[in-house]
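> how would this look folded up:
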Amino acid sequence: MDNKTDFFPGDIEIVDADLAERMSDTALRRAKRMAGINSRYLATKRDKVIETEMDLLVGNASISVNGYQIERRGLALLGGTGAGKSRLIARLIAERKEFQPRTTGMTVTKPLVAIKAPRPSDLLEFAYVLLEQLEYPLERDLKAPAAWRMVRRQLKVRQVRFIHIDEAQHMLNMGDPDAMEELADALKMVMEQADWPVSLILTGMPELADFMTIYGQVSRRTHKVHLENLSLPRDNDLVSWIVKTIVENHAEMTFGFTVNDTYLGRLCHGADRQFGALTQIVRGAVEQALVDDIEATQVEHGHFVRSYELFSGCKPEQNVMSSRTWHEIHPLNALLRDQELARVQVMQALAERAAALRGRRRRKKKED
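Numbers count the residues shown, from 1 in each chain. Take a look at the predicted model:
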C-alpha cells in the first residue's frame with residue numbers, strides 16, 4: 001500500500017508541517033526557539049514618532065472622506081539597508097485596527113493593501129502588481145493608462161484607503177526620467193482622486209527622497225521620517241540595551257565574556273550603524289550558540305564572530321568581530337554587501353541623471 005501523501009501546492013501550512021515532521025528533534029527545537037526569539041520586538045522612541053505620524057495620516061484620511069480636501073496624504077519612512085523600517089511599519093500596520101479587514105454581511109473589505117515595488121520598476125508592471133493585490137483578474141494586454149484607471153476604480157470598489165509600498169526606492173530603477181515622472185503622476189492621481197483619495201505609506205532607502213525631491217507632486221503631499229543611524233557614544237545605552245535584551249531576556253542566556261564599550265563599538269560598526277542589522281547579528285550569535293549546543297546557556301565571543309561572518313559574507317581578515325583593526329574595516333566591503341553598495345550607487349547615479357535632465361528641460365523651456 002502506498003502511504004505517500006500529496007499536498008495541495010498552495011497550502012503552505014500543511015507543507016510546513018510536513019517539513020517539521022521530517023526534521024530532527026534537535027533541529028526542530030532550535031528552529032522553534034529561534035522563531036520565538038526573532039518574533040520579539042524591540043520598541044524604542046522611534047516607534048512613538050512613527051505612531052504619531054500614522055495617527056496624523058489616518059486622521060487626514062478620515063477627514064477627507066467627509067468632504068474636506070487634505071493635501072498631505074503620504075508618509076515616507078526612509079532608512080538604510082538593515083535599519084529595520086520594514087518590520088517597524090509591518091508591526092504598526094498589524095496592530096492598528098484602522099488597517100484591519102472588515103466584514104460587512106458577505107463582503108470583506110481591506111482598508112490597506114501592501115506591495116513591494118517591482119524591480120526593475122515599470123509603469124505598467126506597477127499597476128499589475130497593485131491589481132494583483134486588489135484581487136482583480138489581470139489582463140496582460142492592458143496599456144498603462146487603462147491599467148492605472150482600473151487601479152483607481154478598484155481601489156474605490158474595494159474601499160481601499162491606504163497603499164503601503166515597500167522597497168519604494170526601486171522607482172529610481174526605471175532609468176528613464178520620463179518614465180519616472182509618469183509613475184509620479186500616476187501616484188499623484190491615486191492620492192488626489194476626487195471621489196476616492198488614497199493615502200500612500202512608502203518605505204525605502206534614503207535614495208527614495210531623491211525621487212520625491214525630483215518629482216515634487218509626491219513630495220509636497222508626503223511627510224518624510226528618516227531613521228537615523230546608530231552613533232556611539234551617543235547611542236551607547238541603546239546599543240547596550242539591544243544586545244543585552246536579546247541575549248539575556250529573549251534568549252534567557254548569559255555572556256561568556258565581558259561586553260564593554262569597545263565591544264559594543266565593534267557590533268555597531270559591523271552593523272553599519274543600522275538598528276535592524278544589529279539585532280540580526282546578535283540573534284545570529286544566539287543561534288550559533290544553539291548550533292554548538294542545543295542546551296547552551298551562554299553566548300561566547302566566537303558565536304558573534306561566526307554570526308557576523310554569515311551575516312556579511314566577509315573574508316576572515318575582514319571580520320569586524322575578530323580583527324584587531326576592526327575600526328579600519330568598512331562594513332560594506334564584504335562580498336555580499338558589495339552587491340548592495342553597488343545597487344545603491346546605481347540608484348544614486350540614476351537619480352542624479354534624472355535631476356540633470358529635468359534641469360536641462362526646464363532651462364530649455366525658459367529659453368523657448
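> How much space separates Gln154 from Ala194?
As judged by C-beta to C-beta, to the nearest Å, Gln154 and Ala194 stand 17 Å apart. Where you see a C-beta, it was placed from the backbone N, CA and C, and this is true even at glycine.
> now Lys45
Distance of Lys45 to Ala194, given as C-beta to C-beta: 38 Å.
> What of Val239?
Taking C-beta to C-beta as the measure, Val239 falls 49 Å from Ala194.
> still on that earlier bit, show me which of Gln154 and Ala194 is the more surrounded one.
Between Gln154 and Ala194, counting by other C-beta atoms under 10 Å, Gln154 is the more crowded of the two (17 against 6).
> looking only at pLDDT, what's the mean for the helix or strand hosting the more buried one?
In this structure, Gln154 sits in helix 144-157 according to DSSP states H and E. What helix 144-157 shows for mean pLDDT is 92.
> Quick check: what element follows it along the chain?
Using DSSP H and E, the helix or strand that follows helix 144-157 in sequence is strand 162-166.
> Mind listing what's buried along that following strand?
Across strand 162-166, burial judged by 16 or more other C-beta atoms under 10 Å covers 162-166.
> now those residues in TSV, with pLDDT and distance to Ile201?
Compiled in TSV, the buried residues of strand 162-166 are given as follows (pLDDT from 0 to 100; distance: C-beta to C-beta, whole Å):
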residue	pLDDT	distance to Ile201
Phe162	95	6
Ile163	95	7
His164	95	4
Ile165	93	7
Asp166	93	9
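> For the residue nearest to the spatial centre of the chain, pull up the helix or strand it's in.
Residue closest to the mean C-alpha point of the chain, counted by C-alpha atoms, centre = their mean, is Ser86 at 2.8 Å. In the assignment (DSSP H and E), Ser86 maps to helix 85-95.
> What helices and strands are in contact with that helix?
helix 45-65, strand 74-78, strand 162-166, strand 199-204 (3 or more C-beta pairs under 8 Å, 6 or more residues apart in numbering; DSSP states H and E).
> repeat that for 7 Å
Packing contacts for helix 85-95, counted by 3 or more C-beta pairs under 7 Å, 6 or more residues apart in numbering; DSSP states H and E, involve helix 45-65, strand 162-166, strand 199-204.
> a markdown table for these, including distance to Leu124?
As requested, those are arranged in a markdown table below (distance: least, C-beta to C-beta, whole Å):
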| stretch | distance to Leu124 |
| --- | --- |
| helix 45-65 | 27 |
| strand 162-166 | 16 |
| strand 199-204 | 19 |
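> Out of these, which one sits most buried?
Among the helices and strands packed on helix 85-95, strand 199-204 has the highest mean neighbour count (mean count of other C-beta atoms under 10 Å), at a mean of 24.
> strands paired with it, and their directions?
Paired with strand 199-204 in the same sheet, following DSSP bridges, are strand 74-78 (parallel), strand 162-166 (parallel).
> List the contacts of the first one.
So the one you mean is strand 74-78. 50, 53-54, 57, 85, 89, 191, 199-204, 206, 208-209, 212, 218, 221-227 (C-beta atoms under 7 Å, 6 or more residues apart in numbering).
> between it and helix 85-95, how big is the angle?
For strand 74-78 against helix 85-95, the angle by axes from the mean of the first three to the mean of the last three C-alpha atoms, to 10 degrees is 140 degrees.
> circling back to that earlier point, which of the strands paired with strand 199-204 sits closest to Leu232?
For Leu232, the closest of the strands paired with strand 199-204 is strand 74-78, at 21.9 Å, according to C-beta to C-beta.
> Could you tell me the angle between the closest one and helix 45-65?
Using the same axes, to 10 degrees, strand 74-78 lies at 160 degrees relative to helix 45-65.
> In PDB, list the C-alpha atoms belonging to strand 74-78.
Extracted as PDB, the C-alpha positions of strand 74-78 are listed here (Å, rounded to 0.1, in the frame of the first residue of the first chain):
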ATOM      1  CA  GLY A  74       1.500  60.300   2.300                       C
ATOM      2  CA  LEU A  75       4.100  59.100   4.800                       C
ATOM      3  CA  ALA A  76       7.600  58.000   3.800                       C
ATOM      4  CA  LEU A  77       9.900  56.100   6.200                       C
ATOM      5  CA  LEU A  78      13.500  56.300   5.000                       C
END
